[in-house]
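K.L.:
Below are the sequence and a predicted model; questions follow.
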Amino acid sequence: MGENGADDYPCNDNAQDCAAAGTKIYARSVSGYKPAASLTWFQANLACGNAGKELLPNAVWQMAAAGTPDPGALSADTGPQCNTSGTQSMQTGQGTSCLSSFGVENMIGSVWEWVADWGTAGAGTSNASGTMVEVDGTGSDYNNDGMWNIGGNAYTNYASLEWRAGQVPAVIRGGSWGDGADAGVFAFFAYSAPSFSSDTVGFRCGRRR
């Protein structure tokens with residue numbers, strides 16, 4: 001899948017038309033094209049599945065990102081290796097200086113990446129009236145990578161963009177081209193419902209050995 005816009009996608013927001021009986025979409029990485037973005041979690045999940053792969057589980061994503069230069073880290077690798085202060089995503093193959101210890105490109109910056117996991121509201125995330133509360137942090141213990149909504153509400157734009165209390169969030173990782181020091185190997189964003197899409201959100205597939 002190359003660069004695309006949500007309005008041009010051959011399946012609806014909940015991916016009902018992306019499965020075998022409908023118009024299939026396939027995940028593929030093509031050098032010289034921008035990564036696919038503006039997909040819901042459902043679309044990304046089906047695109048990976050149709051290609052014989054799957055969205056990376058959060059723990060696998062974290063492992064694969066290890067060693068990527070982190071713009072918020074207090075270390076020598078704070079240069080502009082990853083696209084975290086730009087105006088748009090970069091083309092596949094242009095992130096050769098934004099490599100993890102496993103040789104994986106652009107896990108920080110360019111676009112956020114859906115992972116397989118969905119969040120839940122855990123203990124301590126509701127007030128006395130039962131309304132969920134946000135749990136934010138600066139990520140100061142994790143290279144200053146932003147951490148948002150570890151249990152709480154979520155944005156959905158399935159019909160229109162709205163903030164919906166009690167909505168189970170899906171998780172995106174890594175940060176995008178405009179997140180600066182908030183992007184990084186520990187950047188974790190759970191404000192978005194699985195039906196959410198944005199040109200700053202893409203995905204990454206993997207295959208089990």
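P.N.:
Arrived safely, thanks for sending.
K.L.:
just checking, Gln81 touches Asp70?
P.N.:
No: using Cβ atoms under 8 Å, Gln81 is not in contact with Asp70; the gap is 9.4 Å. (C-beta placed from N, C-alpha, C; glycine too.)
K.L.:
So between these two, which is more surrounded?
P.N.:
Using other Cβ atoms under 10 Å as the criterion, Gln81 and Asp70 rank with Asp70 on top: 26 against 18.
K.L.:
Which residues outside stretch 94-107 are in contact with it?
P.N.:
35, 61, 63-69, 81-83, 90, 92-93, 108-110, 113, 173-174, 185, 204 (Cβ atoms under 8 Å, 6 or more residues apart in numbering).
K.L.:
and it, average pLDDT?
P.N.:
Averaged across stretch 94-107, pLDDT comes to 89.
K.L.:
what comes up buried for that stretch?
P.N.:
Of the residues in stretch 94-107, 94-95, 98-100, 104-107 count as buried by neighbour count, 16 or more other Cβ atoms under 10 Å.
K.L.:
Which of the three states applies to Phe42?
P.N.:
helix (DSSP: H, G, I helix; E, B strand; the rest coil).
K.L.:
That one against Ala193, yeah?
P.N.:
No: using Cβ under 8 Å, Phe42 makes no contact with Ala193, being 10.4 Å away.
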